[in-house]
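In: Model the following, please.
(one chain, ligands or ions: 1)
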Amino acid sequence: MPGVPPARYAYLGPEGTFTEQALRTLPAAAKADLQPCSTVTLALDAVRGGEADGAVVPIENSVEGSVPVTLDELATGEPLMITREMTVPIAFSLLARPGTSADDVRRVATHPHAAAQTRRWVALHLPRAEVVHTSSTAQAAFMLTREDREWDAAISAPVAAEHYRLATLATGIADNPDALTRFVLVSRPGPPPPPTGADKTSLVAFMREDHPGALMEILEQLAMRGVNMTRIESRPTGAALGNYCFSVDCEGHVDDARVGEALMGLRRVCADVRFLGSYERHDGIAPTIRPGTSDREFLDAAAWLARLRHGS
Ligand SMILES: O=C(O)C(=O)Cc1ccccc1
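Out: Numbering: from 1, shown residues only. Have a look, this model is predicted:
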């Protein structure tokens, strides 16, 4: 009998990205078929098209904020679902071809988020260098191995030095060594993973039409059910200038009564709500349940209403 085929995971590549390190924290990754993709869009399209069972992509950094392409890809197109989040310690190194010294570096390449997190170090140590943006930190390192390279150094993960046989000119060059990047595992829509007690729910709310208090109406649906938000940001929908949707993460699981009720409320007041999944929090922090918002209290209220309606 043929065995179960290994899971296939797409990720923002090439080999040696922080995203690959995030993917490798999944126990299933050890036996999986890992597929490096050159962009977040291609990694997510591999899942949409069925060539991969899941994709790991960066979504947010504690210093630089969200990764817009990831938020926009999840908000539009064929629906996808987040089933897991993870963080990995991010340390940046300055890599170059062996024999290069820091004085030779005229152009340095890296991912925009890495550039933002090393801005002060680069200004201090490479004041004459031009910073070039690449699709990933590992892509910047990989290009250094080619004859047609257009830069002299890359800001990458330390592991990229071994992958691409590069010299390490400096290590630990992040301006804020405690910065955290969050990555998500994305799959095709299906039943969410069961609640763990320390979960997060992600969604995108599309406003009906622009009017005073439109954002407040959205927030109200969460606040009145005691649902705590962990992130909210507006993103243009692309339909017209001034047309926005709200990308929201909140505490709790879609199976929790207060989260379910908030989602129903949003469904009533918004033009559209895209549920992006409920998944275990990377930090294991359980939400504080405010009085009147526990599952038992929602159930009790529903049972009371049923009794009123039946006259019992
Ligand atoms: O480019 C990479 O290596 C990535 O995985 C994206 C990224 C870039 C900077 C910090 C964290 C993740």
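In: residues from the protein in reach of the ligand?
Out: Within the chain, the positions adjacent to the ligand are 12, 17-19, 58, 90, 111, 113-114, 136-138, 157, 181 by C-beta under 6 Å from any ligand atom. Glycine gets a C-beta too; all of them are placed from N, C-alpha and C.
In: Identify those among those residues that sit within helices.
Out: Counted as lying in helices by DSSP state H, out of those, are 18, 19, 113, 114, 137, 138.
In: Looking at the residues you listed, spot the one nearest residue 299.
Out: Within these, the smallest distance to residue 299 is 41.2 Å, found for residue 19 (C-beta to C-beta).
In: So the closest one sits against residue 183, correct?
Out: Yes. Using C-beta atoms under 8 Å as the test, residue 19 is close enough to residue 183 to be in contact (6.0 Å).
In: Indicate the residue of the stretch 201-312 of the chain located nearest to the ligand.
Out: Distances from the stretch 201-312 of the chain to the ligand, computed as C-beta to the nearest ligand atom, single out residue 282 as the nearest residue at 14.3 Å.
In: where does that residue sit relative to residue 95, distance-wise?
Out: Per C-beta to C-beta, to the nearest Å, residue 282 is found 28 Å from residue 95.
In: Same check on residue 215?
Out: Residue 215 sits at a distance of 44 Å from residue 95 (criterion: C-beta to C-beta).
In: can you check residue 244 too?
Out: 39 Å.
In: Of the two, which one has the most company?
Out: Between residue 244 and residue 95, counting by other C-beta atoms under 10 Å, residue 95 is the more crowded of the two (29 against 17).
In: and the more buried one, that's in a strand?
Out: Yes. Using DSSP: H, G, I helix; E, B strand; the rest coil, the secondary structure at residue 95 is a strand.
In: is it in a bridge, and if so with what?
Out: In this structure, residue 95 has beta-bridge partners residue 154, residue 168, where bridges are defined by DSSP bridges.
In: I'd say residue 270 and residue 203 touch.
Out: No. Here residue 270 lies out of contact with residue 203, judged by C-beta under 8 Å, at a distance of 9.6 Å.
In: My read is that residue 152 contacts residue 102, right?
Out: No. In this structure, residue 152 sits apart from residue 102 without contact. The criterion is C-beta under 8 Å, and the distance is 9.7 Å.
In: the strands in the stretch 201-312 of the chain, which residues?
Out: If you assign secondary structure with DSSP state E, counting those that start in this stretch, the strands in the stretch 201-312 of the chain sit at 229-236, 244-251, 272-280.
In: buried residues in the longest one?
Out: Within strand 272-280, the residues that qualify as buried by neighbour count (16 or more other C-beta atoms under 10 Å) are 273, 274, 275, 276, 277, 278, 279, 280.
In: Same question for the first one.
Out: Neighbour counts over strand 229-236 (16+ other C-beta under 10 Å) mark 231, 235 as buried.
In: Pull the residues that contact that strand.
Out: Where contact means C-beta atoms under 8 Å, 6 or more residues apart in numbering, the residues beyond strand 229-236 that reach it are 60, 65-66, 68, 71-72, 75, 200, 219, 222, 243-251.
In: and what of the second one?
Out: Contacts made with strand 244-251 from outside it, assessed by C-beta under 8 Å, 6+ apart, are listed as 66, 71, 74-75, 199-207, 215, 218, 222, 227-237, 259, 262, 287.
In: switch to 6 Å and redo it
Out: Under the contact criterion C-beta atoms under 6 Å, 6 or more residues apart in numbering, strand 244-251 has outside partners 71, 75, 200-206, 218, 222, 227-237, 287.
In: Pairing partners for it, with directions?
Out: Looking at strand 244-251 with DSSP bridges, its paired strands and their directions are strand 199-206 (antiparallel), strand 229-236 (antiparallel).
In: any low-confidence regions in the stretch 101-250 of the chain?
Out: Residue ranges of the stretch 101-250 of the chain with pLDDT under 70: none are present.
In: give me that answer again for 90
Out: For the stretch 101-250 of the chain, the stretches with pLDDT under 90 are 177, 179-180, 208-214, 237-244.
In: Ends of stretch 121-140, what's the gap?
Out: From the first residue to the last, stretch 121-140 extends over 18 Å; the measure is C-alpha to C-alpha, to the nearest Å.
In: ditto for stretch 11-24
Out: The first and last residues of stretch 11-24 sit 11 Å apart, counting by C-alpha to C-alpha.
In: How about stretch 265-279?
Out: Calculated as C-alpha to C-alpha, the first-to-last residue distance of stretch 265-279 is 21 Å.
In: can you give me the helices in this structure?
Out: Taking DSSP H as the test, the helices found in the chain are 18-23, 40-48, 68-75, 112-117, 119-125, 137-143, 159-163, 214-223, 257-269, 295-310.
In: Pull out the buried residues from the fourth one.
Out: If I follow you right, that is helix 112-117. Within helix 112-117, the residues scored as buried using 16+ other C-beta under 10 Å are 113, 114, 115, 116, 117.
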